[in-house]
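1. For reference, the sequence and a predicted model appear below.
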Amino acid sequence: MSNSLLDFDSVTQQLKNIDRRKKPKMLVVDDEPDNLDLLYRTFRRDFRVYKADSGMQALEVLSEEGEVAVIISDQRMPEMKGTEFLSQTVPQFPDTVRIILTGFTDVEDLVEAINSGQVYKYITKPWDPNELKAVVDRAAETYDLLKQRTEELNLAQQQIQLSATIVQITQDCQKIESALEPFATAIGQCFSGDGCVLQAVKDGALVGELGRYSSSETLPIALESDPFVKDAIASGEIRAWTNSASNPPPEGAEAYQSSGLQLHLVVPAIYQKEVLAVLSLQWQKSTNLEQELKLIHLSAQHLGVALKLIATNA
C-alpha cells in the first residue's frame, strides 16, 4: 500500500486532460457590423468568439454563456456606452479582462473606467491589428493569472470550511455508521459532485455501512462490484475514470454509462496504512478537478483520522 506520488501525478494529469485544450472565450461588442465581423475573424483561431451589436445584447450573451476571458467593446454605441456596459459586468465577472475601442476622445469616461479597474486597456480606432492582438494576448495571460489567484483563495476557504465540518461531525457522532452520511454530504457539496458515497472498509473489503449524497433524486452508483473501488482499496491509491470514446468503462462498471457518469474519482480513507473507508465522488458532467485534487486527497486523509477517532471513542 504505497499512496505513491507517481500515482497521484498520473491522476492529476488525467484530470488535467479533460478539457485540454479548450479555447478561451471572448466577447466582442460593436454596433458596426463590419467592425464586429473583423474582430471575429481576427480572433476566432485562438478564442471562442461571441458577438453582440449592443451593450444589452452583450449582457444577454453573458447571461447565457457565462464568464469570458476577454471582452472587447466599442465605446460609442447607441443606448449604452461601452464603459457603462463594462461596469455592469464587473460584479458577476470580476476576473474578466476588458478592453475598450474608441474613435473619439472620451477622456473623462475612459479615465474613470480605467481608474476604477473596469477597463484594462483602451485602443483607438482604426486599430492596428498587431497592436490589438498583442494587447489581447496580454489580457488573456492576465485573466489566467487572476483565475489562478481566485481559485487558490477559494480552495483555501474550502479547505478551512471542510476541515471544520469534518471536525464537527467527528465530535457529534458516536458511531461510524451515523457519521458516514454527514461526511458524504459535506464532501459531495464541497466539490459540487452529482453523487458521493462513503462506504466503510474492513479487512480490505467493503462492509454494509455507507453514507450517500446526491444533488438530485438519482442515487449515486453502488460500489460493490466496481473494479476501481477494489483497486483503490487494495493499493491504497486514488483511482479516476473519465468518459471518452477511447476510455470505455472497465469490465464490471457498466453502470457508468447507464447512469450518465462522466467522471468518477475513488479515494481511500486511510489511517496508519489501514483503509478504513472508500470515498466515491461522481459527476455527470465533465469537470476539471486539477486544482481540487490535492484538497480531495487531504480530505480523505482527514476522514481516515476522523473515522479512527469515532471508532476508538465508541
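-> Right, received. Where do you want to start? Numbering: from 1, shown residues only.

2. can you give me the strands in the stretch 101-250 of the chain?
-> 121-124, 195-202, 205-214, 239-242 (DSSP state E, counting those that start in this stretch).

3. Beyond the last one, next helix or strand please.
-> Using DSSP states H and E, the helix or strand that directly follows strand 239-242 along the chain is helix 255-258.

4. can you tell me which of the strands of the stretch 101-250 of the chain comes nearest to Leu39?
-> When the strands of the stretch 101-250 of the chain are compared by CB to CB, strand 121-124 sits nearest Leu39, at 11.0 Å. (C-beta placed from N, C-alpha, C; glycine too.)

5. so where's the chain shaky on pLDDT?
-> Filtered on pLDDT under 70, the chain yields the residue ranges 1-21, 104-109, 113, 115-117, 314.

6. how about Lys23, secondary structure?
-> Secondary structure, DSSP: H, G, I helix; E, B strand; the rest coil: Lys23 is coil.

7. Near it, how many residues? Count them for me, please.
-> 13 (other CB atoms under 10 Å).

8. Numbering from 14 from now on, please.
-> Taking 14 as the first residue, the last one we looked at is Lys36.

9. Can you read off the backbone torsions of the residue lying closest to it once chain neighbours are set aside?
-> Leaving aside its sequence neighbours, Lys36 sits nearest to Arg61 (CB to CB, 6 or more residues apart in numbering; 4.8 Å). When quoted as degrees, to the nearest 10, the phi and psi of Arg61 stand at phi -90, psi 110.

10. Might one say that Asp108 is in contact with Leu166?
-> No - assessed by CB atoms under 8 Å, Asp108 is found out of contact with Leu166, at 11.4 Å.

11. As a check, name the ranges of all helices in the stretch 114-263 of the chain.
-> Taking DSSP state H, counting those that start in this stretch, the helices of the stretch 114-263 of the chain run over residues 120-128, 142-185, 189-203, 240-248.

12. Show me what the longest one is packed up against.
-> Other elements packing on helix 142-185 under the criterion 3 or more CB pairs under 8 Å, 6 or more residues apart in numbering; DSSP states H and E are helix 46-56, strand 83-87, strand 110-115, strand 134-137, helix 189-203, helix 306-326.

13. how far off strand 110-115 does it point, in degrees?
-> Per axes from the mean of the first three to the mean of the last three CA atoms, to 10 degrees, the angle that helix 142-185 makes with strand 110-115 is 150 degrees.

14. rewinding a little: specify the beta-bridge partners of the residue nearest to Lys36.
-> Lys38 (DSSP bridges).

15. With Asn48 as the reference, measure out to it.
-> 19 Å (CB to CB, to the nearest Å).

16. Which one's more surrounded, these two?
-> Here Arg61 and Asn48 are compared on neighbour count by other CB under 10 Å; more neighbours surround Asn48, at 20 against 15.

17. contacting residues for that one?
-> 87, 114, 138 (CB atoms under 8 Å, 6 or more residues apart in numbering).

18. Any of those residues buried? List them.
-> 87, 114 (16 or more other CB atoms under 10 Å).

19. between the contacts of Asn48, which is nearest Gly95?
-> Asp87 (5.5 Å).

20. Pretty sure that closest one sits against Gly95.
-> Yes - counting by CB under 8 Å, Gly95 is a contact partner of Asp87 at 5.5 Å.

21. so what sits against both of the two?
-> 42, 113-115.

22. coming back round to it: may I see the strands of the stretch 114-263 of the chain organised as CSV, with distance to Ala192 and mean neighbour count added?
-> Output for the strands of the stretch 114-263 of the chain, formatted as CSV (distance: least, CB to CB, whole Å; neighbours: other CB atoms under 10 Å):
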stretch, distance to Ala192, mean neighbour count
strand 134-137, 53, 16
strand 208-215, 9, 23
strand 218-227, 8, 17
strand 252-255, 23, 21
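
23. Out of those, flag the one nearest Leu294.
-> Taking those one by one with CB to CB, strand 208-215 is closest: 5.5 Å.

24. same for that closest one, what does it pack against?
-> So strand 208-215, by 3+ CB pairs under 8 Å, 6+ apart, packs with helix 189-203, strand 218-227, strand 287-296.

25. The last one vs helix 189-203, what angle?
-> Here the directions of strand 287-296 and helix 189-203 differ by 40 degrees (the same axes, to 10 degrees).

26. No further questions, thank you.
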